[in-house]
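K.L.:
Structure, please.
(chains A and B)
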Number of protein chains: 2
Amino acid sequence: MAQLRIALAQVNPTVGDLDGNADLIVEWTRRAADAGAHLVAFPEMMLTGYPVEDLALRSSFVEASQRALERVARRLADTGLGDLPVVTGYLDRRTVGLVRSGQPAGSPLDAAAWLHGGEVLVRSAKHHLPNYGVFDEYRIFVRGDRLPVVRVHGVDVATVICEDLWQDGGPVSVTGTSGAGLLLAVNASPYERNKDDVRLDLCAERAREAGCALAYVNMVGGQDELVFDGDSVIVGADGTLLARAPQFTEHLLVADLALPAADPAVRPGRTPVDALDGTTITIDRLALSPDPLPAYAVEPQTVAEPLDDLAEVYAALVLGTRDYVRKNGFRSVILGLSGGIDSALVATIASDALGPGGVHAVLLPSRYSSEGSVTDAEDLVKRQGLNSRVVPIAGMVEAFEEQLDLHGLADENLQARIRANVWMALSNEHGHLVLTGGNKSELATGYSTLYGDSAGGFGPIKDLTKTMVWALARWRDAQARAQGPCPPFLYPFEDEPIPEAIIVKEPSAELRPGQRDSDSLPDYAVLDPLLTDYVERDMGRDALVGAGHDPALVDRVIRLVDLAEYKRRQYPPGPKITPKNFGRDRRLPITSRWREPSAH
Amino acid sequence: MAQLRIALAQVNPTVGDLDGNADLIVEWTRRAADAGAHLVAFPEMMLTGYPVEDLALRSSFVEASQRALERVARRLADTGLGDLPVVTGYLDRRTVGLVRSGQPAGSPLDAAAWLHGGEVLVRSAKHHLPNYGVFDEYRIFVRGDRLPVVRVHGVDVATVICEDLWQDGGPVSVTGTSGAGLLLAVNASPYERNKDDVRLDLCAERAREAGCALAYVNMVGGQDELVFDGDSVIVGADGTLLARAPQFTEHLLVADLALPAADPAVRPGRTPVDALDGTTITIDRLALSPDPLPAYAVEPQTVAEPLDDLAEVYAALVLGTRDYVRKNGFRSVILGLSGGIDSALVATIASDALGPGGVHAVLLPSRYSSEGSVTDAEDLVKRQGLNSRVVPIAGMVEAFEEQLDLHGLADENLQARIRANVWMALSNEHGHLVLTGGNKSELATGYSTLYGDSAGGFGPIKDLTKTMVWALARWRDAQARAQGPCPPFLYPFEDEPIPEAIIVKEPSAELRPGQRDSDSLPDYAVLDPLLTDYVERDMGRDALVGAGHDPALVDRVIRLVDLAEYKRRQYPPGPKITPKNFGRDRRLPITSRWREPSAH
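P.N.:
Numbering: from 1, shown residues only, chains lettered A, B, ... in the order given. Below is the predicted model:
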């Protein structure tokens, strides 16, 4: 066996910020060197950020990424870090091979490189391109066909990229053939509820398949609708968990591994191998340091405990919100505070993300606002120490009504739109980003006003059912009551940040006298599980009824969800915590006439 | 040689309307039978409409399509049309073969079938899946590997689907091997400016490659952002144009062809063939009617003259607008009429699409509206005979200003949002769809107000540069002046529908005293070509400067366009007339920090 101390840099790059991301590489390589690491790895597409979407099709951007890679390699050497091998993701392009019609312009590659001694040693690219869920990589990448195997202190280290782990055949299969002692996977794997367990199982399975230990470094941070949770892990060749980084925070996971020494008879060079997925992959062998290190004393490993389900979701929302605000160049947010549970939770997430000083609440009472709504909102402002102002909307509503004779929904929507005008005006005047309070239950069923409550820059809770909104509000209050240190992603409020009165009140949009959500929507306790089956699981009418949902309710909810598609297209982004965060599907034709049949 | 009268049914299905689309198949098959056709072909995905997007991933929808296909086959036979072979597109799924991780759920197929004698004779599916521009078919389909070759009156007819023509190798290559006498391509090929010429050249090239005549039937009609232009064509084996349907209208293109008779020694059965694209395709031969027909007298062919460039674009906008309104279940539209050129052109397109009786104009003068704006808008209302009302906004603006102290842009945006509130309120009250007046130049540069002028259900001119807006306004007025019959896609106004004063005035948003577009934007004569190069052609800064654009202007416009990305995400759909209809790219991360470098 040979010893190797590896460092996984679980860091937070920003899409397009090549200089800032290069700075992160230098800074965290320095930390790895200080920790005595023999190899440091950064996430997939570290240098460009991920996902770059259609930027990959811009030639000038690809070239900027290539230049930035060469520059960071030299800079590492110039600052005395040239001896430490660095593996990092970046954007490259394929320069050989057939250009076929219909393929992405410029043949971009989701690439990874080994940097050493001021040079780019070896380059490879993602072989399996994901094209489902949030991924559309056939659109922007062509696939790679190389497996680098680099000998570091007598250990052969193979590198693969993210989706290469998730699909059968390809680089993992070839790693098994190569006799590598360590499989290093660089990733930008977005958070989804319960995905941490799936990923750990996957790493264990692929380690056994490759016949060697597997080190998995993931990105962390929010990027538009995606939140990367980190949760980098190292497993042994038998799948045993050896080290694990904490979630939702930058971290250098350093681990001492005992790995099989490489066969000295296997020499550098290129060997094509059947990848067992209908393609051929070329193993690209290099030797950096052929001999194992003298034995040294190992350090204790970090094995972070994963967060429980609610903590994990809440942490994702806080990080997603903070990074959206920050990466868009804002320092503060504004939101309408109604006295209801949705805006209360959004305000609390914002306080946790930015500190209460960065949160501006606007109370917008109308003639239909209950006494309790106003006092509850004021109570929340006081508990959290938010900036706030009251802007009554009655005069504005009257000015419209003088010119227009409106009834029913048109009148209700008008009030919601006037409120949105106020927060958008204050946003434009003072430079705060507008946070939107819609939850998934109401957005999926269309129970919201376009250009009204749905208006804004970011919707922190748009992927939460109403049931989950309540659960998280209770969870957040419980954290404030709990003994012991406050989790690092929460603001240390003295008191419960959300008044109990807000959590227990019956939900209402307060757009007409005595209005209740239950006038328009089924009870959330039956609606939310049905929405989950229809939206997340794509179950048709028969399957929904077969799963035990009430047939009349199924027909009603399908109708509501299908007709709300148009509105959903115009909502702001928000953090994803489920595979389908919003409408029934990622995209549907607005003018589709397809409805699940309601009778047989 | 053998004679064959083929009919191409260039029709307008609706996504998801399986019953309505089946009715179209029966109705147009009847017309083809009445015309004495021996074979009738419908577009790609005729039965489901196109594009179905993520509906393909819903199992119940795929099954509904399969059942609808069987049903329409029986119905054709039951109504006496069973003897006429029908080729139509529909949605199917693959039931054999490996299910791989990462592949679309349920393995959906973009399929085509031959119907005859009440039965589905043979099924195949699109082999080449487009995944660029407006297409994301790797996300929702798996590829087909069959080439049906059906003997009809002694002629072997091979069928392929849309993208199969656009990429090298695959079904067209195998058609050449098969000895087919006619290649029938079923298509749903969206309109893009100048694409008709490209398509005709492509058909000629593929006919020569396959060594036989080629009949190309295309869909017609609007579906959300796509407009299908029809323009179905038939070319001979040497690429000569034989018949051509008119654009932007339903049409049965009937043509008598003299085709090589099939070799009687070639028998029904299945033969796998190398498709020269790394795959194998199985030729699936059937014989419906082995012997050529006795000679008959041919009818004259239709060879429609294509529209010129401006007429074609205008026709696309009219059809796209009409079908969006109609397919969404609306009968009327509402729009703000400012007295400027953009809303004037939108009103005119709407009149052409729906008749002036379906168009409701709202004039919303403010303290900054010029005298001319109001009288010009009134002139347009009178010329076109629109429904109209005047809603002054001064009182509403004052009601907001009593509560909020706003300056500069915040104050300008407020007015735009109040106007949007008015038309949205009238839309909600009276059930009109809101049309939005933003053009591509202002939307791409962010010169518009989110939830203000950009608010609405459909943006007919969102893909037109300002230069094109002026050109189309002049073109439309010229049509009203022209001698001879009015083109069928135009409303027969007595007088020029757009007042000259609106066309010649200097553009202004009229949100502050004396405001002009030129205060904020470069002259449109230099801006628009630069936007086209940056947005459509994805040219980077150096390439733009190299192409002769002023470097300072390039830097300024890149900055404007890159920063407007967030707004663009929240705009309503509108008809596409260029490959990239709106922002610089289809999708970019909002929080991207990438900017084209502005210095070297």
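
K.L.:
Which pLDDT value belongs to A:Val142?
P.N.:
For A:Val142, the model assigns a pLDDT of 95.

K.L.:
Isn't it up against A:Leu109?
P.N.:
Yes. Between A:Val142 and A:Leu109 there is a contact under CB atoms under 8 Å: 6.5 Å. Glycine gets a C-beta too; all of them are placed from N, C-alpha and C.

K.L.:
list the residues that contact both of these two?
P.N.:
Counting by CB atoms under 8 Å, 6 or more residues apart in numbering or on different chains, the residues touching both A:Val142 and A:Leu109 are A:Arg94.

K.L.:
got the end-to-end distance for stretch A:524-541?
P.N.:
19 Å (CA to CA, to the nearest Å).

K.L.:
Can you tell me what sits against that stretch?
P.N.:
Contacts of stretch A:524-541 (CB under 8 Å, 6+ apart): A:440-441, A:444-445, A:465-468, A:507, A:517, A:521-522, A:543-544, A:547, A:549-550, A:553-555, A:557-558, A:561, A:578-580, A:582-585, A:596-598, B:57-61, B:105.

K.L.:
So which bits of stretch A:372-385 are buried?
P.N.:
Judged by neighbour count (16 or more other CB atoms under 10 Å in any protein chain shown), stretch A:372-385 contains these buried residues: A:Ser373, A:Val374, A:Asp376, A:Ala377, A:Glu378, A:Asp379, A:Leu380, A:Val381, A:Arg383, A:Gln384, A:Gly385.

K.L.:
Figure out the helix or strand that the third one lives in.
P.N.:
Looking back up the chat, that one is A:Asp376. When elements are assigned from DSSP states H and E, A:Asp376 belongs to helix A:371-384.

K.L.:
What distance do you get for the closest residue to A:Asp136 other than its chain neighbours to A:Ala347?
P.N.:
Leaving aside its sequence neighbours, A:Asp136 sits nearest to B:Asp136 (CB to CB, 6 or more residues apart in numbering or on different chains; 6.2 Å). Separation of B:Asp136 from A:Ala347 (CB to CB, to the nearest Å): 37 Å.

K.L.:
repeat for A:Val561
P.N.:
Distance from A:Val561 to A:Ala347, by CB to CB: 28 Å.

K.L.:
Looking at the two, which is more packed in?
P.N.:
A:Ala347 (29 against 22; other CB atoms under 10 Å in any protein chain shown).

K.L.:
shouldn't the more buried one be in contact with A:Gly385?
P.N.:
No. Assessed by CB under 8 Å, A:Ala347 is found out of contact with A:Gly385, at 11.2 Å.

K.L.:
For A:Val233, state which of the buried residues of stretch A:372-385 is nearest.
P.N.:
Of all the buried residues of stretch A:372-385, the one sitting nearest A:Val233 is A:Gln384; the distance, using CB to CB, is 35.6 Å.

K.L.:
how far away is that closest one from chain B?
P.N.:
Applying CB to the nearest CB, to the nearest Å, the value for A:Gln384 to chain B is 24 Å.

K.L.:
So that residue sits against A:Pro497, correct?
P.N.:
Yes. A:Gln384 is in contact with A:Pro497 according to CB under 8 Å; the separation is 5.2 Å.

K.L.:
Find the residues that touch each one of these two.
P.N.:
Here A:Gln384 and A:Pro497 share the contacting residues A:Thr348, A:Ser351, scored by CB under 8 Å, 6+ apart.

K.L.:
Can you give me the buried ones in stretch A:240-252?
P.N.:
Under the neighbour-count criterion of 16+ other CB under 10 Å, stretch A:240-252 has A:Leu242, A:Ala243, A:Arg244, A:Ala245, A:Pro246, A:Gln247, A:Phe248, A:Thr249, A:Glu250, A:His251, A:Leu252 buried.

K.L.:
Let me fix that, I meant to ask about stretch A:18-34.
P.N.:
Under the neighbour-count criterion of 16+ other CB under 10 Å, stretch A:18-34 has A:Leu18, A:Asn21, A:Ala22, A:Leu24, A:Ile25, A:Trp28, A:Thr29, A:Arg30, A:Ala32, A:Ala33 buried.

K.L.:
What parts of the stretch 401-550 of chain A come near chain B?
P.N.:
Taking CB under 8 Å from any CB of the partner chain as the measure of proximity, the stretch 401-550 of chain A contacts chain B at A:402-407, A:409-410, A:413-414, A:417-418, A:420-422, A:424-426, A:428-429, A:450-451, A:455, A:457, A:538, A:540-543.

K.L.:
Grab the nearest non-local neighbour of A:Asp229.
P.N.:
The shortest distance from A:Asp229 to any residue other than its chain neighbours is 3.9 Å, reached at A:Tyr191 (CB to CB, 6+ apart).

K.L.:
neighbours around that neighbour, how many?
P.N.:
27.

K.L.:
now swap in A:Pro300 and tell me
P.N.:
Burial of A:Pro300 is recorded as 8 neighbouring residues (other CB under 10 Å).

K.L.:
just checking, it is part of a strand?
P.N.:
No. Going by DSSP: H, G, I helix; E, B strand; the rest coil, the assignment for A:Pro300 is coil, not a strand.

K.L.:
ok, the nearest residue to A:Ala353 once chain neighbours are set aside - contacts?
P.N.:
For A:Ala353, ignoring the flanking residues on the chain, the nearest one in space by CB to CB, 6+ apart is A:Arg322 at 3.8 Å. By CB under 8 Å, 6+ apart, A:Arg322 lies in contact with A:Gly222, A:Ala353, A:Leu354.

K.L.:
right, and A:Ser448 touches A:Arg568 too?
P.N.:
No. Using CB under 8 Å as the test, A:Ser448 is too far from A:Arg568 to be in contact (9.7 Å).

K.L.:
and A:Gln301, what does it touch?
P.N.:
Counting by CB under 8 Å, 6+ apart, A:Gln301 has contacts A:Leu242, A:Ala243, A:Ala255, A:Asp256.

K.L.:
how close does the closest residue to the last one other than its chain neighbours get to A:Leu257?
P.N.:
When you say that, I think you mean A:Asp256. Leaving aside its sequence neighbours, A:Asp256 sits nearest to A:Val298 (CB to CB, 6+ apart; 3.8 Å). Distance of A:Val298 to A:Leu257, given as CB to CB: 9 Å.

K.L.:
These two - which one has more neighbours?
P.N.:
Neighbours around A:Val298 and A:Leu257, counted as other CB under 10 Å, are more numerous at A:Leu257. The numbers are 23 against 12.

K.L.:
Report the secondary structure state of that one.
P.N.:
Put simply, A:Leu257 is strand when judged by three-state DSSP.

K.L.:
Hmm, it is touching A:Gln3, no?
P.N.:
Yes. Counting by CB under 8 Å, A:Gln3 is a contact partner of A:Leu257 at 7.2 Å.

K.L.:
Now the two most distant members of the buried residues of stretch A:372-385.
P.N.:
A:Ser373 and A:Gly385 (20.3 Å).

K.L.:
how about A:Val52, what does it touch?
P.N.:
Applying CB under 8 Å, 6+ apart, the residues contacting A:Val52 are A:Val15, A:Gly16, A:Met45, A:Phe61, A:Leu91, A:Ile140, B:Pro589, B:Ser592.

K.L.:
Number of residues surrounding the last one?
P.N.:
A count of nearby residues for B:Ser592, using other CB under 10 Å, gives 24.

K.L.:
just the first one next, same as before
P.N.:
By the measure other CB under 10 Å, the count of residues near A:Val15 is 23.

K.L.:
Can you show me the helices along the stretch 1-150 of chain A?
P.N.:
Remark: helices assigned in the stretch 1-150 of chain A by DSSP state H, counting those that start in this stretch are A:18-34, A:59-78, A:137-140.

K.L.:
Adding distance to chain B, write those helices out as JSON lines.
P.N.:
Shown next, in JSON lines, are the helices of the stretch 1-150 of chain A (distance: least, CB to the nearest CB, whole Å):
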{"stretch": "helix A:18-34", "distance to chain B": "7"}
{"stretch": "helix A:59-78", "distance to chain B": "3"}
{"stretch": "helix A:137-140", "distance to chain B": "4"}
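
K.L.:
Would you mind giving both backbone torsions of A:Asp274?
P.N.:
Dihedral pair for A:Asp274: phi -70, psi 120, per degrees, to the nearest 10.
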